[in-house]
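Asks: Sequence below, structure please.
(one chain, ligands or ions: 1)
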Amino acid sequence: MATQLDQILARTALDVAERKAAADLPALERRAAAHQPRGFAASLKAISEAKSHPAVIAELKKASPSRGVIRPSFDPEPLARALEAAGAGALSVLTDEPFFQGSLRNLEIASAATSIPCLRKDFMVDPFQVLEARASNADAILLIVAALTDADLKLLSTEAYAYGLDVLCEVHDRNELDRAIQIGCQMIGVNSRDLRTFVMHPEIQVELAETIPSNVVRVAESGIKGREDIDRLTTAGYDAFLIGETLMRESDPGATLSALLAREAAVLA
Ligand SMILES: O=P(O)(O)OC[C@@H](O)[C@@H](O)c1c[nH]c2ccccc12
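Replies: Numbers count the residues shown, from 1 in each chain. Predicted structure coming up:
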């Protein structure tokens, strides 16, 4: 039976083929050349090593297939500014349209409005999407190990590095983690949500943490609700924390992020 992830990938392949066929490649290349990538992995590593507050990747996500519409009124520019001002180390911007109501335009706007590095959060299956990512001001892309063969992981990461973009490889089990390590990913994200079923498995993050090499930027993804989660995952060995829904559901995501980052939050919690 086709999993949730299979259905998303099938739709993505069709949409990418359509955009690719209609694309003005020289114009995209010019836009890509106009964006100077800001080191995504290096920024997170520096924040994590400074130890003054956690390195948070704040995610701009209007909706998701598992949660429905999360933030009905969604304006990427003020959102991105507020999250940067609150201390986000980086942004993750959903660009998938059919399932997450995101867009490349949102990425372009969020990145232009801030000076922190931005991740294109999407289902990357074709090198064309890497060009699109940089042309829309991305500094990094996501590669989902469950969605790709080793050959495609290699191809897409090589393409990303050629465009000066960093790569976050997402895994959900030990086998995927082994593949990500084998391929030499510079950042590995352990997603506690299984994208095949959308079921959460929070224990997987702690289970896999110690096997991630320490030269890799270790990112915990999904289901992070409060400072207790960040502190627990820091103890487990994570360098950075990707947080979407907890911020996007709040009327003032900046204030929520500030509170999460303040040391007092942990003491009061
Ligand atoms: O909203 P949350 O539970 O904080 O999760 C954020 C992020 O991890 C999640 O949106 C995500 C993780 N991997 C993905 C792959 C595609 C789309 C979305 C995702």
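Asks: Nearest to the ligand: which residue in the stretch 101-250 of the chain?
Replies: Using CB to the nearest ligand atom, the single residue of the stretch 101-250 of the chain nearest to the ligand is Gly244, 2.8 Å away. Where C-beta positions appear, they are placed from N, C-alpha and C, glycine not excepted.
Asks: Spatially nearest residue to that residue, not counting backbone neighbours?
Replies: Leaving aside its chain neighbours, Gly244 sits nearest to Glu59 (3.5 Å; criterion: CB to CB, 6 or more residues apart in numbering).
Asks: Please enumerate residues in contact with the helix or strand where the one you found lies?
Replies: Taking DSSP states H and E as the criterion, Glu59 maps to strand 55-60. For strand 55-60, the external contacting residues (CB atoms under 8 Å, 6 or more residues apart in numbering) are 44-45, 47-48, 74, 76, 79-80, 83, 86-94, 102, 106, 110, 119, 121, 219, 230, 239-244, 247-248, 253, 257, 260-261.
Asks: What pairs with that strand, parallel or antiparallel?
Replies: If you go by DSSP bridges, strand 55-60 pairs up with strand 90-94 (parallel), strand 240-243 (parallel).
Asks: Paired strands for the following helix or strand past that strand, with orientation please.
Replies: Note on strand 55-60: by DSSP H and E, the next helix or strand toward the C-terminus is strand 63-64. Applying DSSP bridges to the sheet, strand 63-64 is found paired with strand 68-69 (antiparallel).
Asks: Heading C-terminal from the partner strand, find the next helix or strand.
Replies: helix 76-86.
Asks: Show me which residues of that next one are buried.
Replies: Neighbour-count burial for helix 76-86 flags 76, 79-80, 82-84, 86 (criterion: 16 or more other CB atoms under 10 Å).
Asks: give me every residue that touches the residue nearest to Leu94 when sequence neighbours are not counted.
Replies: Leaving aside its sequence neighbours, Leu94 sits nearest to Gly102 (CB to CB, 6+ apart; 3.3 Å). Residues in contact with Gly102, defined by CB under 8 Å, 6+ apart, are 60-62, 93-96, 121-122.
Asks: Most neighbours among those residues, which one is it?
Replies: Counting neighbours by other CB atoms under 10 Å, Val93 comes out on top of the contacts of Gly102 with 29 neighbours.
Asks: Go ahead and confirm that residue touches Leu119.
Replies: Yes. Val93 lies in contact with Leu119 (CB atoms under 8 Å); the separation is 6.9 Å.
Asks: so what sits against both of these two?
Replies: Both Val93 and Leu119 are in contact with Ala138, where contact means CB under 8 Å, 6+ apart.
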